[in-house]
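> okay, here's the prediction I keep looking at, along with the sequence it came from:
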Amino acid sequence: MSATSEALEELQRIRGSIDNIDAALVHLLAERFKHTQQVGLLKAAHDLPPSDPDRERQQIERLRRLARDAHLDPEFAEKFLGFIVAEVIQHHTRIAEQQ
Ligand SMILES: C=C(O[C@@H]1C=C(C(=O)O)C=C[C@H]1O)C(=O)O
């Protein structure tokens, strides 16, 4: 059974919305990394460690709560944050090494 042209149009419309959201995510991530870069410079200048496990625990708790309220899988939200934070810590470590 082949898809009707109506179904294909709808698929295209929905994919347009997905593309817009992906673009917004990229821009948001770029903004987030600009701020974490500033944190990295501040930490390096004041001999603070690249990671802050207490802060991360608070963020995980908050994000899991937000995810539940938004009907998003909290496990996924935590994994997503963990992926980003690991990259940030690598950046901070590199900044500290360059000082
Ligand atoms: C940005 C910071 O550095 C690290 C990265 C974090 C993040 O990406 O949100 C949070 C805690 C730290 O492990 C910070 O300490 O605020």
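Yep, it's here.

> from now on I want contacts and neighbour counts done on CA atoms only, so please keep to that.
Fine.

> for the ligand, what is the nearest residue in the chain?
Using Cα to the nearest ligand atom, the closest approach of the chain to the ligand is made by S51 at 3.3 Å.

> share the number of residues neighbouring the residue lying closest to that residue once chain neighbours are set aside, please.
What sits nearest to S51 in space, not counting adjacent residues and going by Cα to Cα, 6 or more residues apart in numbering, is I89, at 5.8 Å. Close neighbours of I89, defined as other Cα atoms under 10 Å, add up to 18.

> just checking, I89 touches P53?
No: the criterion here is Cα atoms under 8 Å, and I89 misses it with P53 at 10.9 Å.

> helices or strands up against the host helix or strand of E78?
Assigned by DSSP states H and E, E78 belongs to helix 74-98. Judged by 3 or more Cα pairs under 8 Å, 6 or more residues apart in numbering; DSSP states H and E, the packing partners of helix 74-98 are helix 5-45, helix 53-69.

> pipe the ones you listed into a markdown table and attach mean pLDDT, mean neighbour count and distance to the ligand per row.
Formatted as a markdown table, those follow (pLDDT from 0 to 100; neighbours: other Cα atoms under 10 Å; distance: least, Cα to the nearest ligand atom, whole Å):
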| stretch | mean pLDDT | mean neighbour count | distance to the ligand |
| --- | --- | --- | --- |
| helix 5-45 | 98 | 13 | 5 |
| helix 53-69 | 98 | 13 | 5 |
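
> redo the ones you listed as TSV? Include distance to K79.
Putting the helices and strands packed on helix 74-98 into TSV (distance: least, Cα to Cα, whole Å) gives the following:
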stretch	distance to K79
helix 5-45	15
helix 53-69	9
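
> what's around P50, how many residues?
Neighbours of P50 using other Cα under 10 Å come to 20.

> cheers, nothing more for now.
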